[in-house]
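Model the structure of this input:
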Amino acid sequence: MKVFLFLLSFLFSTYAYSDVKVALFDIAPFSYINDKGELDGVVYKLCRKIEKESGLKFDYSLVPYARAIKLLSDGEVDFAVFYPSSKYDGYFNKLAPTLGNYNYMVSLKNLHLSSLKDIGEKKIGLIRGARYSEEFDKLKKPGVVFLQDYSKVFNMLLLNRIDIAVISSAAFEYFIKLQDVNAVEKFNIFTINLQPNWIHINKRLDPSIMDKIKKANTSVIRTGDYKTLEEFL
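Residues are numbered from 1 along each chain as shown. Prediction:
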């Protein structure tokens with residue numbers, strides 16, 4: 001009987017304190033390997049704060065976006081942070097909103113931007129599969145150019161190979177600092193919206209762990225008085 005109770009206690013404690021597996025999208029400035037060979041990025045820093053506040057132990061995997069979605073869908077990781085989309089309904093659960101970004105349309109100074117109608121047939125750089133707002137996503141964009149990541153979107157604009165770049169505020173601030181560009185002198189900016197990310201979790205995650213993550217997320221945002229991810233740059 002004592003052996004049975006010991007094994008039961010061991011199994012419970014191992015489960016209760018096992019690592020929470022977190023999938024990070026390999027896209028700068030959200031999550032990436034920096035010049036020192038270390039994990040970095042605004043989403044990674046947010047997750048580290050949630051980890052510390054929750055008292056849990058997080059195990060991070062840096063993977064491409066599509067791979068992260070599959071890992072979460074298959075229950076091979078426990079959570080990931082990204083914009084919500086109805087196309088993933090049923091594959092995993094949304095736990096709580098967390099820090100997001102302003103979404104910008106950015107042009108060079110010679111092109112005025114004051115509304116979504118200014119897109120017209122202009123060449124507009126987008127990350128393939130990204131969603132920004134219902135109005136923007138439904139808008140016809142015959143000049144769309146799909147690109148792999150925000151680095152390519154930003155550089156295509158600088159090279160004048162697209163007319164408009166659609167980019168998150170965190171990515172925009174990151175790349176203007178990285179390339180030492182004066183945004184006021186160089187660009188026109190139209191804000192599409194402020195879009196929160198969500199913490200998404202696999203359906204089999206223990207409810208007590210969900211609760212700790214949810215409370216930690218709320219506490220981190222409230223105590224830090226954070227508004228957007230770019231504050232972690």
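
Could you report the separation of the residue nearest the centre of the chain from Val22?
The chain has Phe82 as the residue nearest its centroid, 4.1 Å off, counting by Cα atoms, centre = their mean. Per Cβ to Cβ, to the nearest Å, Phe82 is found 12 Å from Val22. C-betas here are computed from N, CA, C, even on glycine.

chain center to stretch 39-58, what's the gap?
13 Å (Cα atoms, centre = their mean, to the nearest Å).

What of stretch 35-47?
On Cα atoms, centre = their mean, the centre of stretch 35-47 falls 12 Å from the chain's centre.

how about it: buried residues?
Neighbour counts using 16 or more other Cβ atoms under 10 Å place 39-47 of stretch 35-47 among the buried residues.

which residues are in contact with that stretch?
Residues outside stretch 35-47 that contact it (Cβ atoms under 8 Å, 6 or more residues apart in numbering): 22, 24-25, 28-34, 58, 60, 62, 81, 98-99, 170, 197, 220, 229-230, 232-233.

cool, stretch 112-127 as well?
The contact list for stretch 112-127 (Cβ under 8 Å, 6+ apart) reads 105-107, 111, 135-136, 139, 141-150, 152-153, 156-157, 161-166, 188-190, 192.

Can you spell out the domain ranges of the protein, please?
Here the domain parsing of the chain from automatic domain parsing is 2-100+196-232, 101-194.

In a markdown table: those, plus mean pLDDT.
Converted to a markdown table, those look like this (pLDDT from 0 to 100):
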| stretch | mean pLDDT |
| --- | --- |
| domain 2-100+196-232 | 90 |
| domain 101-194 | 96 |
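
picking up where we left off before, phi and psi next, for the residue nearest to the centre of the chain.
Main-chain torsions, Phe82, degrees, to the nearest 10: phi -170, psi 170.

Looking at strand pairing, list the partners for it.
On the basis of DSSP bridges, Phe82 is bridged to Trp198.

what's it in contact with, if anything?
Phe82 neighbours (Cβ under 8 Å, 6+ apart): 25, 65, 68, 197-198, 200.

what about the strands in the chain?
Counting by DSSP state E, the segments of the chain that form strands are 20-25, 32-33, 39-40, 58-63, 79-82, 93-108, 124-127, 144-147, 164-168, 187-201.

just to revisit the earlier point, closest one of the contacts of Phe82 to Glu76?
Glu76 lies nearest to Ala68 out of those, by Cβ to Cβ, at 10.1 Å.

Run a quick check on the closest one versus Lys21, I expect a contact.
No. Applying Cβ atoms under 8 Å, one finds Ala68 not in contact with Lys21, separated by 11.0 Å.

quick one: common contacting residues for the two?
By Cβ under 8 Å, 6+ apart, the residues touching both Ala68 and Lys21 are 61, 77.

Counting neighbours around each, name which of these two comes out higher.
Ala68 (23 against 19; other Cβ atoms under 10 Å).

nearest spatial neighbour of the more buried one, skipping sequence neighbours?
Nearest residue to Ala68, sequence neighbours excluded (Cβ to Cβ, 6 or more residues apart in numbering): Ala23, at 3.9 Å.

In the sheet, which residues pair with Asn103? Tell me.
Here Asn103, judged by DSSP bridges, has bridge partners Ser168, Asn193.
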